[in-house]
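Engineer: Any chance you could fold what I've pasted below:
(one chain, ligands or ions: 1)
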Amino acid sequence: MSKGIAVAGLEHAFPARGGAVAALGRIDLDIAPGELVTLAGPSGCGKTTLLRMIAGFASPSTGSISVGGVPVTGPGVERGVVFQQPNLYPWLDVRRNVALGPRLRGVGRAERLAIADRYLDLVGLSDAADRRPYELSGGMQQRAQIARVLAGDPEVILMDEPYGALDALTRERLQGELLSLWRATGKTILFITHSVDEAVFLGSRVLVMSPRPGRIVLDELVPFSADPDLAPDEIRALPKFGATAARVRAAIAH
Ligand SMILES: Nc1ncnc2c1ncn2[C@@H]1O[C@H](COP(=O)(O)OP(=O)(O)OP(=O)(O)O)[C@@H](O)[C@H]1O
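Structural biologist: Next up is the predicted model:
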């Protein structure tokens, strides 16, 4: 099951010496269950602030956020968060890191390890299950983090530039994997990125925010990622892909 996200009349200013920093202008946003929404915009425009508020790590100065119709008042198991830097526990092996969510939910040992193995297989990490996080490459750690979030079976996945620190090849591979995973599970995903290519490749809908205080200045449905007849490799080669990317780039530069 996936849930929708509703942001209504949201504004946010951070208190600061010499006056407040207006981080987010007015944001009204409805994300339907099962959408994969990518969010781009210039550095410092408030993308992370918005994601952290939906995650329940911080609350807005004004306005409201609900997930699945329930107001957000703090973090919750129905929202999984993937950070730019993998945040695995160094003292647990990869399988136990992934099994952590089910463990916290009280799932028995054999079952939670089976769940972990299923998600490690899904992200192509079965061979690394017994290793510690520091024995993994950056891309493998990021995959393990994604497996861990999926093992918690959240209805909504919030991803804050998860591939920003990866090399180009690994990044493209993980983008393709995420696409297959989203097509298979229909989870609601909000994905922040600095890459126009990544935004247009992954998003069933692309949002662009203005410079701070961030407002949504482009909101466009994109037909590529949801099309089961399009293999990941084919998407970037479409002429319409280039045209959409040009519009997104123009909106960011505005
Ligand atoms: N805790 C805080 N206190 C004061 N100002 C903050 C705080 N967190 C963020 N800001 C400011 O709010 C603005 C938005 O920051 P945010 O991290 O949301 O932007 P971003 O779009 O995610 O940026 P980037 O793309 O560079 O990661 C920035 O000007 C930032 O300096």
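Engineer: What values do phi and psi take at the residue of the stretch 51-200 of the chain found nearest the ligand?
Structural biologist: Closest to the ligand within the stretch 51-200 of the chain is H194: 6.1 Å, counting by CB to the nearest ligand atom. (Each C-beta comes from the backbone N, C-alpha and C, glycine too.) Per-residue torsions, H194: phi -90, psi -10 (degrees, to the nearest 10).
Engineer: what residue is smack in the middle of this structure?
Structural biologist: For the chain, M159 is the residue whose C-alpha lies nearest the centre (CA atoms, centre = their mean; 2.0 Å).
Engineer: can I get the CA coordinates of whichever strand or helix holds it in PDB?
Structural biologist: Using DSSP states H and E, M159 sits in strand 156-160. These are the backbone C-alpha positions of strand 156-160, laid out as PDB (Å, rounded to 0.1, in the frame of the first residue of the first chain):
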ATOM      1  CA  VAL A 156       6.200   6.600   1.400                       C
ATOM      2  CA  ILE A 157       9.900   6.900   0.700                       C
ATOM      3  CA  LEU A 158      11.700  10.200   1.000                       C
ATOM      4  CA  MET A 159      15.100  10.400  -0.700                       C
ATOM      5  CA  ASP A 160      17.400  13.300  -0.200                       C
END
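Engineer: Output the contacting helices and strands for that strand.
Structural biologist: helix 47-55, strand 79-82, strand 188-192 (3 or more CB pairs under 8 Å, 6 or more residues apart in numbering; DSSP states H and E).
Engineer: what's the offset of the helix or strand following the shortest one from the middle of its chain?
Structural biologist: Yep, that's strand 79-82 we're talking about. Reading on from strand 79-82 to the C-terminus, the next helix or strand found by DSSP H and E is helix 94-98. Its chain's C-alpha centre lies 20 Å from the corresponding centre of helix 94-98 when counted by CA atoms, centre = their mean, to the nearest Å.
Engineer: which outside residues touch the helix or strand just after helix 94-98?
Structural biologist: Following helix 94-98 in sequence order, the next helix or strand is helix 100-104 (DSSP H and E). Helix 100-104 has contacts (CB atoms under 8 Å, 6 or more residues apart in numbering) with V77, Y89, L92, E111, R112, I115, A116, R148, V149, A151, G152, D153.
Engineer: average pLDDT across helix 100-104?
Structural biologist: Averaged over helix 100-104, pLDDT sits at 88.
Engineer: Check which residues of that helix are buried.
Structural biologist: The neighbour-count check on helix 100-104 (16 or more other CB atoms under 10 Å) flags L100, G101, P102, R103 as buried.
Engineer: Which helix or strand lies directly C-terminal to that helix?
Structural biologist: Remark: after helix 100-104, the chain's next helix or strand is helix 109-122, criterion DSSP H and E.
Engineer: How far away from the center of its chain is that following helix?
Structural biologist: The answer for helix 109-122 is 22 Å, by CA atoms, centre = their mean.
Engineer: quick one, the helix or strand following it and strand 156-160 angle?
Structural biologist: Next helix or strand after helix 109-122 toward the C-terminus (DSSP H and E): helix 138-151. Going by axes from the mean of the first three to the mean of the last three CA atoms, to 10 degrees, helix 138-151 is angled at 160 degrees with respect to strand 156-160.
Engineer: Identify the residues contacting helix 138-151?
Structural biologist: For helix 138-151, using CB under 8 Å, 6+ apart, the contacting residues are 80-83, 86-88, 94, 97-102, 115-116, 119-120, 122-125, 128, 133, 136, 157, 162-163, 165-167, 170, 173-174, 177-178, 181.
Engineer: Ok, stretch 166-181 next?
Structural biologist: Residues outside stretch 166-181 that contact it (CB under 8 Å, 6+ apart) are 122-124, 137-139, 142-143, 146, 150, 162-163, 187, 189, 198, 201-202, 225, 232-233.
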